[in-house]
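# Have a look at this prediction, sequence included:
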Amino acid sequence: MTDINADASVASPTHRPMRFAEFVAVIASIMALNPLAMDIMLPALPHIGAAFQVADANHLQTVLSVFLLGFGVAQFAIGPLSDRFGRRPILLGGMAVYCIASVLALCAPSFQMLLLARLLQGTGTAATRVIAVSIVRDCYAGGRMASVVSLAMMVFIAVPVIAPSFGQALMLLTEWRGIFVVLMLYGVLALAWSAWRMPETLPAAQRRSLALPDVLFAYRQTVTHRQTLGYGIAAGSLQGALFAFVFSSQQVFTEVFHLGEYFPLAFAAIAFGVAVASFFNSRFVHRLGMRAISHAALLGFVAVGTAMLLAVTAGFLPLWLFIALAMLMMFSFGLMFSNFTALAMEPQGHIAGTASSLYGTLTTLLGIAIGTVIGQHYDGTLLPFATGLFLCTLTSLAVVLVVEQGRLFKSPKATN
C-alpha cells in the first residue's frame, strides 16, 4: 500500500500497469454506470408513463427507486464474494449483468417487465460501486483514499450534470427505448476498458473464506464499529435527501416552476455544486483533514435545510432561490459523502470488500427508504421535500455528534 503522504501523482504498485491518472479515470468510469442509469431517465419518465398508460405521476418514480433497490440489496453479497474470489471477476460479472439488463429493458413489453429489468440493472451496478471503493481501499488509505474518491467524482460528476440534458436530446431524436441503447453501449465500453487494464488488486494471500462464521464475523466487525456504523447512518440520511430530490425533480421543475423541457438545464446547474465540492476536497483534504471539511459541510447542510424550510413556509421560494439553495445542498453533499465514506472505511482495511458492501447496502437502502417516503408525499408543492431535507440534516448532525463523542472537526480520543 502506498504511503498516504506520498504525492498523488505516484501510482500505487497495487494497480500497475496503470498510472495514477488512468486509475482514477477507470474508477470514475465504472462508478458512473450508476448515476448515468439514474439521471438519464429523468426526461423519459413522462414518455414511459404514456407508453405504458401509467396514470399516477408519483408511481413513475419507481423506475428510479426499483433500480436503487437492486443496487442496495445486491451490495450485501458483493463484498464477501470479492473478498473471497478477488475484485476483477466480481466487477466484470456485475458489469455484464448491467449490459444484459439494459437489453431486457430495451425490449420490455410492459411496465412491470421494465421495472424487473431496472431491478436487474441496479443489481449489476452494485458490483461497480462496491468493487470501486474496495479497489481504492486496496491501493490507498486515509486522506489519500478520500482524495482519490474526490478525483474520481470530479471525472464522473459530468454524468449527473449532462445526463438529463442528454436524455432530453435523445427524446427529441428517438423514443425512450433509445436511452437503454446508450446505457448498453456505455456499459460495454466500460466493461472492455476494465477487462483490458484493471488488474487484480487483492492478493490471493489476503482473500477471506466464504464460510458463514467468517462472513458473519466480518459483518459483526463492521456494524459494531462506532465510526463505520455511525458514518454509514449519517451518509444514508444524506442520501435520503439526495434521492428525494432526484425522484421528484422532474415533477418539481415542470409542475412547480413550469420549466417544461428546459428542466435539465436547472438540474445541471444544481448538480454542478457537487463538481466544485469534489475539486475543493481533492485539493484541501490533506491540509485540512476529512473531519474538518465534512463537519463544516454538515453544519452548512443544516443551514441550507433550515433556510429552505423557512422559505417554503413563508411562501417565498422563487426559482432562483431554490436553485441557489439546492446548489449549496449539493456542494455540502459533495464535501461530506466522499469523506464520510473514507472515514467509515478507514478502520476496515482488512475486510474492505465486506465492509464496503455492508456500508453500501446500509447507506443505499436507508437513502431509498427516506427518499421514497419524501418523494411519494409530493403534492404539487415543495413543502414535503423541504420538510424531509430539514429532518435529514438534523438526523445526520445528531449521529455524527454521537460518533465523535460531541467533538466536531477533530477525532475523539477513542473510537471503537
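Received, thanks.

# Just after the lowest-mean-pLDDT helix or strand in the chain, pick out the following helix or strand.
Least confident element among the helices and strands of the chain, by mean pLDDT, DSSP states H and E: helix 142-156 (a mean of 65). Next helix or strand after helix 142-156 toward the C-terminus (DSSP states H and E): helix 158-173.

# and the helix or strand hosting Phe390, what other elements does it pack with?
Taking DSSP H and E as the definition, Phe390 sits inside helix 383-403. Contact here means 3 or more CB pairs under 8 Å, 6 or more residues apart in numbering; DSSP states H and E; on that basis helix 383-403 packs against helix 226-251, helix 290-313, helix 352-376. Backbone N, C-alpha and C define where each C-beta goes, glycine included.

# In a markdown table, list those along with mean pLDDT, mean neighbour count and distance to Ala37.
Formatted as a markdown table, those follow (pLDDT from 0 to 100; neighbours: other CB atoms under 10 Å; distance: least, CB to CB, whole Å):
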| stretch | mean pLDDT | mean neighbour count | distance to Ala37 |
| --- | --- | --- | --- |
| helix 226-251 | 88 | 24 | 12 |
| helix 290-313 | 93 | 20 | 26 |
| helix 352-376 | 83 | 24 | 14 |
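
# To Leu64, which of these lies closest?
Leu64 lies closest to helix 226-251 among the helices and strands packed on helix 383-403, at 5.6 Å (CB to CB).

# Distance to Ala218 added to the helices and strands packed on helix 383-403, as TSV?
Compiled in TSV, those are given as follows (distance: least, CB to CB, whole Å):
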stretch	distance to Ala218
helix 226-251	12
helix 290-313	24
helix 352-376	4
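
# Between those, which one is closest to Ser332.
helix 290-313 (4.1 Å).

# That closest one: what's the following helix or strand?
helix 319-345.

# now the angle from that next one to helix 158-173?
130 degrees (axes from the mean of the first three to the mean of the last three CA atoms, to 10 degrees).

# now helix 319-345 and helix 290-313, what's the angle there?
150 degrees.

# Which elements pack onto helix 319-345?
helix 111-139, helix 142-156, helix 226-251, helix 263-288, helix 290-313, helix 352-376.

# tell me which residues of that helix are tucked away?
Using 16 or more other CB atoms under 10 Å as the test for burial, helix 319-345 gives 322-345.

# pLDDT of that helix, averaged?
For helix 319-345, the mean per-residue pLDDT is 88.

# isn't Val103 right up against Gly187?
No. Val103 is beyond contact range of Gly187, at 9.8 Å (criterion: CB atoms under 8 Å).

# Fine by me, thanks again.
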